[in-house]
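Asker: only geometry, no sequence info:
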Ligand code: G6P
C-alpha cells in the first residue's frame, strides 16, 4: 500500500526519493508524487496517476532541485486514483506539503470544521484535510511546524504515517506515525525516511523505527529529535539492519515471484539454520524455549493472520493440535478484532504476518495484549510493527519478499510452525520421540525435496498453456492439504484474475459438484496420506461428471495417475510437511498461467503487498 520516502541532507533529494519509490513499488499503488524544497525556498510538487516511471516522465524538464524532499506512492482509499488525489498535498496557502499513508477516520468532522474556518479543498482525500488542519493550527497558534503536527495529530482518529515539509523551513522534515510503518535512516548530516527500511538500504544500515504516537523532527543541522504526542521527549533508539541489495533485485529472473519460488530450497535452509541440529535432530527455538512456561500452561492457542499467512496458520493449527494436543483456533485478524473475542490470560495468541505490518493483524495483537494474553509473532520483516508489538516470536528469515503473491513466506511460516509444534510437543510430552525425530529429519530434508519439486517447472509451464483460457478452477485437498488447496486457489486468483475456489475434497458432493462440467478444471491434491483413498474417490466422482482433473500425487503413485487427466508427481515427506512440497507446483501453475495471460505478475491489479490500512 502507500509508500513514503523522504530525504534531507546535502545531496539532491530527487534521485534518492525516486529510487526509494521504485523499491516500494511492489507494495501496490496507483499514483505517485514528490515535493521538493529548493535552495531559494520554492516548494515544488509534482504528482500524477500511474507508475513511478510516469512520474519520472512528468518530471522531465521541470525544476526538480532540492536537498530536501518527500515522495509517495498512493493506493487509493478516499477518492479515485487521479492526479489531484495523488500525494503530496499542498495546504491551502501552498506553504506546506504532506504525504500520508493510512486513513483518517474522523476526516469528515475535521473537514467540516476547516470549511467553516474558510478552508477549501481540491482533492477528495482525507490527507488534504490533515495538511490543512496542520496549517490552521500552525497559523492560529503561531507555533513551529513540529508543534502544529503534534497538536493536529491529537485530534486525529485513525492510522497514519506522515511527512510534512514547509516553505521557509528548508532544513526540516516533520514525520509522525500511528499504526502505519515509518523508519528513519541515519546518515552523516543527512537523514532518510521510509515506510520500509529496505527501500533506503543503499544509503545506510542504521535505522530508527518510529513508534506509534511519536513525532520526529528531522533536521539536517541537528541530531534526530523525537517527541511523543503528549509533548515529552522520546528516546532515539538506533538499530542496525543487515540486508543485502541483491536480495531486493530480480537476479536474472523475469519476475520477483519466479525468483522467490525458486529461492525456496535456500530460504527454508535459512529458516532452519541454527535451529535444528543435523546430528541429533533437536529443535531449538529460543522464542519458545524462553517462554516455555507460557506454552506449557496454555489452555488454547489462537492464531490470527490474513491472506496467505492465514492459510499457513491453518496448517500450523493442524500440526500443533496433532503434536501438542492444545486446542488451536485460527481467525482472520479482521474478524477477530471486531467480534469482542473471548481471550483469557492463559491463552496464547500467535500473529502470523510476512510483512509484520498488516493493519488488521497488528490490531488483533494489540487487542490480545490488552486482554492479557501472551502474544507471539511469526514475521519475516525484521523490526516490523508486529514483531515489535508482540511479547516474543520467531522470524521466518526467508529474506525480502517482493512479489505481491506470497510464496517463500508461506513455506517459511509453515516450517516455523512445524518447528514450534515439535519444541512444545516435546516439552509437554505429547509427542512420541520417533515422531519428533521423523519430523525434524523431514524438515532438514526439505531443501533437497523442494529443489527436486522445482525441476517440474517446465512440465508445469506446458500444463499452464492448456489451462490459460479457463474461466474457473476448483482446488481440492484434505487434511493438511486442505489449506494448501485454499492457498493454490488464492495464488491463481491473485495473479491471473481467474476465479478459483479451494475446497475440502469431501465437501464437493454437498454442492460444488454441481459446477462440474468440461469447462471446470479441478486441481486435486492426492498425495499419499491418511485420506488418500478417499480423495481418489472424490476425483472419480468428478471424472464421472466430465470434469478435467490435474492431480498432484506422490512420486510413483500409479493409481492416482490412472484417475487423472494430467498428473504432477512430487516427492513424499512426512505428512505434516507435505503442504510445503505440494504448494510449490501450485505456485508455479498460477505463475505460468498469469504469464501466459500477460498479467502483471509481481504487481497484480488492485492488490497491495503490505496492507497497512484495514
Ligand atoms: C496482502 C498480500 C498477501 C498477504 C496478506 C497478509 O493481501 O498481498 O500476499 O498474504 O496481505 O500479509 P502479511 O504481511 O500479514 O502476511
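Answerer: Sure thing, it's come through. Not measured: the values here are computed from a predicted model.

Asker: mind listing what's buried in stretch 162-175?
Answerer: Residues of stretch 162-175 classed as buried under the neighbour-count rule (16 or more other C-beta atoms under 10 Å) are 162-167, 169-170, 172-175. C-beta here means a position set from N, CA and C on the backbone, and glycine is covered the same way.

Asker: helices along the stretch 401-550 of the chain, start to end?
Answerer: Listed in chain order, the helices of the stretch 401-550 of the chain (DSSP state H, counting those that start in this stretch) span 408-428, 433-454, 457-467, 481-496, 532-543.

Asker: tabulate those helices in JSON lines, adding columns for mean pLDDT.
Answerer: Formatted as JSON lines, the helices of the stretch 401-550 of the chain follow (pLDDT from 0 to 100):
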{"stretch": "helix 408-428", "mean pLDDT": "98"}
{"stretch": "helix 433-454", "mean pLDDT": "98"}
{"stretch": "helix 457-467", "mean pLDDT": "97"}
{"stretch": "helix 481-496", "mean pLDDT": "97"}
{"stretch": "helix 532-543", "mean pLDDT": "91"}
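
Asker: would you turn the ones you listed into JSON lines with distance to the ligand and mean neighbour count?
Answerer: What follows is the helices of the stretch 401-550 of the chain, written out as JSON lines (distance: least, C-beta to the nearest ligand atom, whole Å; neighbours: other C-beta atoms under 10 Å):
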{"stretch": "helix 408-428", "distance to the ligand": "6", "mean neighbour count": "26"}
{"stretch": "helix 433-454", "distance to the ligand": "20", "mean neighbour count": "18"}
{"stretch": "helix 457-467", "distance to the ligand": "20", "mean neighbour count": "16"}
{"stretch": "helix 481-496", "distance to the ligand": "7", "mean neighbour count": "27"}
{"stretch": "helix 532-543", "distance to the ligand": "26", "mean neighbour count": "18"}
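
Asker: coming back round to it: can you name the two of the buried residues of stretch 162-175 that are farthest apart?
Answerer: Between any two of the buried residues of stretch 162-175, the greatest separation by C-beta to C-beta is 19.1 Å, found for 162 and 170.

Asker: now residue 571, nearest residue through space, not along the chain?
Answerer: residue 449 (4.5 Å; C-beta to C-beta, 6 or more residues apart in numbering).

Asker: who's in contact with the one you found?
Answerer: When the contact criterion is C-beta atoms under 8 Å, 6 or more residues apart in numbering, the partners of residue 449 are 571, 573, 581.

Asker: confirm that the second one sits in a strand.
Answerer: No - the secondary structure assignment for residue 573 gives coil rather than a strand, going by DSSP: H, G, I helix; E, B strand; the rest coil.

Asker: tell me how far the nearest residue to it once chain neighbours are set aside lies from residue 415.
Answerer: Leaving out its chain neighbours, the residue that sits closest to residue 573 by C-beta to C-beta, 6+ apart is residue 442, at 4.8 Å. Residue 442 sits 10 Å away from residue 415 when distances are taken as C-beta to C-beta, to the nearest Å.

Asker: what about residue 313, distance to the ligand?
Answerer: Relative to the ligand, residue 313 is positioned 10 Å away (criterion: C-beta to the nearest ligand atom, to the nearest Å).

Asker: now do the SS call for that residue.
Answerer: helix.

Asker: what do you get for the one 5 residues further on?
Answerer: Assigned with three-state DSSP, residue 318 falls in the helix class.

Asker: please renumber so the chain begins at 32
Answerer: I'll keep to 32 as the first residue from here, and by that count the last item is residue 349.

Asker: tell me who's in contact with the closest residue to it other than its chain neighbours.
Answerer: Sequence neighbours aside, residue 511 is the residue nearest to residue 349 in space, at 5.6 Å (criterion: C-beta to C-beta, 6+ apart). Under the criterion of C-beta under 8 Å, 6+ apart, the contact partners of residue 511 comprise 346, 349-350, 560, 606-607, 609-610.

Asker: can you pull the contacts of residue 180?
Answerer: The neighbours of residue 180, taking C-beta under 8 Å, 6+ apart as the test, are 165, 193, 195, 205, 207, 246.

Asker: which of these fall in strands?
Answerer: In strands, judged by DSSP state E, the following of the contacts of residue 180 are found: 193, 195, 205, 207, 246.

Asker: overlap between those and the residues near the ligand?
Answerer: For the ligand, no contacts are drawn from the ones in strands among the contacts of residue 180 by C-beta under 6 Å from any ligand atom.

Asker: please, which helix or strand holds the residue lying closest to residue 595 once chain neighbours are set aside?
Answerer: Leaving aside its sequence neighbours, residue 595 sits nearest to residue 582 (C-beta to C-beta, 6+ apart; 3.5 Å). Following DSSP states H and E, one finds residue 582 within strand 580-585.

Asker: who's in contact with stretch 264-276?
Answerer: With C-beta under 8 Å, 6+ apart as the contact definition, stretch 264-276 has outside contacts at 217, 228-229, 232-233, 236-240, 242, 245, 254-259, 413-414, 431.
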